[in-house]
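Asker: Generate a structure from the sequence data that follows.
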Amino acid sequence: MKDTMGNISRRSLLRTGAVLGGGVVAGGMPLSQVIWAAEGKVLKACSDGDLTKLDPAFNARAVETDVMNCIYSRLTRYKRGSEWGWELDAAEKMEQVDPTHIRFRLKKGITFTGGHGEMTAKDVKFSFERIIKLNLPLKPNWGSLDHVELEDDYTGVIVFKSPFIPVWLVSLPDAAGQIISENAVMKVTKDGGDFGMKPPAFSGPYVLADWKPNQYILLTRNPEWSGPKPGFDEIRIVPVDDLKARERAYLAGDTDFSDISLDSLAGLKSNPPANTKVEEWPSLWYYWIGMNMDHPKLKDINVRKAIQWAINVPQILDAAYSGQVNVATGPIAPGLVGHRAKALVPPEGDLAKAKEFLGKAGVSDLNLTIDCANDSVNSSIAQMVQAQLSQIGISVEVNVRDNSTFWTLGMESEGERWKDLQLFITGFYGLPDPHFNVTWFVQDQVGLWNWQRFRSTRFDELIAKAVTIDDPDARAKLYYEMQDLLEESGAFRFLTNGATPIMYRTTQTEAATRPDGTPLYVDFQPV
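Answerer: Predicted coordinates:
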């Protein structure tokens, strides 16, 4: 669900000095030697971080979804290419019976590994209802889901309490739609709870053959897979936090697919490496500076608005991204229903106006902290904010955190640190329905992913209403208002939606991605 600025992860593989001779070192060995010993049809890639869960109900990171798409099946899946859409996966038929009922029929012969038998409609029911019953952070992805009715071994009906339009582009093809074996999960967990990094059964084209934390993820063909044969015998993924290090790994020949830093894009486009194709894809990510509204220093909305108006977004993007990204107007990226033409606070801000708000608050000699993850992009942004706020008399201390620490700062379940959180730099990945991009700011998410602790009854009402409306123009108006409410709280200063340039080795693979550049590894083909 969430990653921070610059696509970094919760865990860290590389440290300063870990890049030697142009290649990447993992566990003391170059990537080219660490797991690349076997010959054959092998896809080699870097991820932007390591795994923490392979239980779909507890999914939290994009890399986990990428891997789960290889080892589990869904009723539907995202299509590859430049237009958002879905196609059948485990289902042989999907039918919208009425606004609150969707009938599915499974393909026969999809089996779970480990002797757990054929996939049935009972497994679909268990997988979907489990997310609701466990009341997990992923629950908003299923909206008003009530239950799944069983008609026979292969047929069922997904029943919603009220219409839920995002089901087709969020619930079914993404992490919340992964189907797991009820029999296998109940055997290993007893109560159907979290199985963490130990999947009890696989049902996709690949299985998890090996995983060494902070070193590599190894996927091999599933011998029990009855569907179309995937292109590669193995998929080998190494978690590398630093984007520049991922580039170097590619240039050294250690990997065949990589994302690209924006400050390298122009040079790589004009002078690409040998046998390399460079592609640019629009991003659905959204990055912002958040403020903890419950912190005593930030309770006054005038203080928060002063900070909003003091922050010059284009200056930040020039410093952190070489000016290669757009200025975000909110969580909803260009091209999606509900994207705002402009934000309420102009991108450049206004120092005079910021000082006026600070005067209204009657605050002087204000000292604040800003927390960020420990990569160069986040650090650059934090330093720019520090400099910009100093212009209105606010002193800012930058706290650079390792990723495992950063991603627990606002979580009430992780202790009392959320009470000390003040300003922070963060980013979430988006999906093609706007609901996914704003649902994390409802009141139920306070202390989970809503670190601003933003509370608005009107916002929650709009969230609930918007998912029932099929007309795009009518939906858009509600999402405009939602984003206005976020910004009017003073707790958000939106930065960018980023971009997703990638490169891949044309002598090794034909890459396949979603319209946002996210890799669909099962669709990669060898050359």
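
Asker: how close does the residue nearest to T439 when sequence neighbours are not counted sit to P331?
Answerer: Excluding the flanking residues, the one nearest T439 by C-beta to C-beta, 6 or more residues apart in numbering is P140, at 4.1 Å. No exception for glycine: its C-beta is placed from N, CA and C like everyone else's. Relative to P331, P140 is positioned 14 Å away (C-beta to C-beta, to the nearest Å).

Asker: Tell me which of these two has more neighbours.
Answerer: P331 (30 against 24; other C-beta atoms under 10 Å).

Asker: Surely that one is in contact with L431?
Answerer: No: look at P331 against L431 with C-beta atoms under 8 Å: they stay out of range, at 11.2 Å.

Asker: Could you tell me which residues touch both of the two?
Answerer: N437 (C-beta atoms under 8 Å, 6 or more residues apart in numbering).

Asker: neighbours around K212, how many?
Answerer: K212, neighbours per other C-beta under 10 Å, totals 15.

Asker: is it in a bridge, and if so with what?
Answerer: For K212, the beta-bridge partners are Y216 (DSSP bridges).

Asker: Do you know the pLDDT at it?
Answerer: On pLDDT, K212 comes in at 95.

Asker: and it, how far is that from A310?
Answerer: 45 Å.

Asker: Just to check, F357 is in contact with D300?
Answerer: No: taking contacts as C-beta under 8 Å, F357 lies outside contact range of D300: 9.2 Å.

Asker: the more surrounded of the two?
Answerer: Counted by other C-beta under 10 Å, F357 and D300 do not tie: F357 has more neighbours, with 22 against 18.

Asker: tell me the SS of the residue nearest to the more buried one when sequence neighbours are not counted?
Answerer: Nearest residue to F357, sequence neighbours excluded (C-beta to C-beta, 6+ apart): A306, at 3.8 Å. Recorded secondary structure, A306: helix (DSSP: H, G, I helix; E, B strand; the rest coil).

Asker: For A306, list the residues it contacts.
Answerer: Per C-beta under 8 Å, 6+ apart, neighbours of A306: 354-358, 361, 392, 394.

Asker: where do the helices sit along the stretch 301-450 of the chain?
Answerer: 301-310, 313-321, 351-361, 376-390, 403-406, 434-438 (DSSP state H, counting those that start in this stretch).

Asker: Give the buried residues for the fifth one.
Answerer: The one in question is helix 403-406. 403, 405-406 (16 or more other C-beta atoms under 10 Å).

Asker: closest to A60 among those?
Answerer: N403 (11.9 Å; C-beta to C-beta).

Asker: wouldn't the closest one be in contact with D241 here?
Answerer: Yes: using C-beta under 8 Å, N403 is in contact with D241, at 7.1 Å.

Asker: Which helix in the protein has the most residues?
Answerer: Ranked by residue count and defined by DSSP state H, the top helix of the chain is helix 472-488.

Asker: so after it, what's the next helix or strand?
Answerer: Per DSSP states H and E, the first helix or strand lying C-terminal to helix 472-488 is strand 492-496.

Asker: Quick one: work out the angle between that following strand and helix 313-321.
Answerer: Interaxial angle of strand 492-496 relative to helix 313-321 (axes from the mean of the first three to the mean of the last three C-alpha atoms, to 10 degrees): 50 degrees.

Asker: From the contact counts, what lies against strand 492-496?
Answerer: strand 286-291, helix 301-310, helix 313-321 (3 or more C-beta pairs under 8 Å, 6 or more residues apart in numbering; DSSP states H and E).

Asker: Give the other helices and strands that the first one contacts.
Answerer: It refers to strand 286-291. Strand 286-291 sits against helix 301-310, strand 423-428, strand 492-496, with contacts defined as 3+ C-beta pairs under 8 Å, 6+ apart.

Asker: Ok, which of those comes nearest A121?
Answerer: Comparing these by C-beta to C-beta, strand 423-428 comes nearest, at 32.6 Å.

Asker: Taking strand 492-496 as reference, get the angle to the closest one.
Answerer: Using the same axes, to 10 degrees: strand 423-428 against strand 492-496 is 50 degrees.

Asker: tell me the SS of L218?
Answerer: strand.

Asker: May I see the buried residues of stretch 354-361?
Answerer: In terms of neighbour count (16+ other C-beta under 10 Å), stretch 354-361 has its buried residues at 354-358, 361.

Asker: So for stretch 127-140, what gets flagged as buried?
Answerer: Applying 16+ other C-beta under 10 Å to stretch 127-140 flags 127-132, 134, 136-140 as buried.

Asker: what about the longest helix of the chain, average pLDDT?
Answerer: 98.

Asker: Can you report how many residues lie near H101?
Answerer: H101: 13 neighbours (other C-beta under 10 Å).

Asker: nearest residue to it other than its sequence neighbours?
Answerer: H101 sits nearest to V157 (C-beta to C-beta, 6+ apart), 5.4 Å away.

Asker: Could you report the separation of the residue most central in space within the chain from T518?
Answerer: The chain has Y429 as the residue nearest its centroid, 3.4 Å off, counting by C-alpha atoms, centre = their mean. Y429 sits at a distance of 8 Å from T518 (criterion: C-beta to C-beta).

Asker: How about S127?
Answerer: S127 sits 22 Å away from T518, going by C-beta to C-beta.

Asker: Likewise for N135?
Answerer: For N135, the distance to T518 - C-beta to C-beta - is 28 Å.

Asker: Same check on E182?
Answerer: For E182, the distance to T518 (C-beta to C-beta) stands at 29 Å.

Asker: which residue sits farthest out from the middle of the protein?
Answerer: Quick read of the chain (C-alpha atoms, centre = their mean): farthest out is G362, 39.4 Å.

Asker: Quick check: pLDDT value at that one.
Answerer: With respect to pLDDT, G362 has a value of 96.

Asker: now the helices for the stretch 101-250 of the chain?
Answerer: 121-133, 182-189, 243-251.

Asker: want to try a markdown table for those helices, with distance to S144 as columns?
Answerer: Output for these, formatted as a markdown table (distance: least, C-beta to C-beta, whole Å):
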| stretch | distance to S144 |
| --- | --- |
| helix 121-133 | 10 |
| helix 182-189 | 23 |
| helix 243-251 | 38 |
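
Asker: from those helices, which stretch is densest packed?
Answerer: Among those, ranked by average contacts under mean count of other C-beta atoms under 10 Å, first place goes to helix 243-251 (a mean of 22).

Asker: Figure out how far that one is from the centre of its chain.
Answerer: 21 Å (C-alpha atoms, centre = their mean, to the nearest Å).

Asker: by contact count, what packs against it?
Answerer: By 3+ C-beta pairs under 8 Å, 6+ apart, helix 243-251 packs against strand 23-26, strand 42-47, strand 257-259.

Asker: Please point out which parts of stretch 218-237 sit buried.
Answerer: 218-222, 224-225, 227, 230-237.

Asker: what's the span of it, first residue to last?
Answerer: 7 Å (C-alpha to C-alpha, to the nearest Å).

Asker: For it, give me every contacting residue.
Answerer: 35-36, 38, 40-47, 63, 67, 70-71, 107, 109-111, 113, 202-211, 216-217, 509, 521-526.

Asker: Which of those residues are buried? Put it as a PyMOL command.
Answerer: The PyMOL selection below is limited to those of the contacts of stretch 218-237 classed as buried (16+ other C-beta under 10 Å):
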select buried, resi 35+36+42+43+44+45+46+47+63+67+70+71+107+110+111+113+202+203+204+205+206+207+208+211+216+217+509+521+522+523+524
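
Asker: Where strands are concerned, which of the contacts of stretch 218-237 count?
Answerer: Counting by DSSP state E, those place 42-47, 206-211, 216-217, 509, 525-526 in strands.

Asker: in stretch 253-273, what's buried?
Answerer: 253-265, 268.

Asker: quick one: average confidence on it?
Answerer: Here the average pLDDT along stretch 253-273 is 92.

Asker: quick one: it to chain centroid distance?
Answerer: 22 Å.

Asker: and for it, what are the contacting residues?
Answerer: The list of residues contacting stretch 253-273 from outside it, by C-beta under 8 Å, 6+ apart, reads 7, 23-24, 30-32, 36, 43-46, 48, 238, 243-244, 246-247, 249-251, 276, 278, 280, 321-322, 324-325, 499-505, 508-509, 511, 517, 519, 524.
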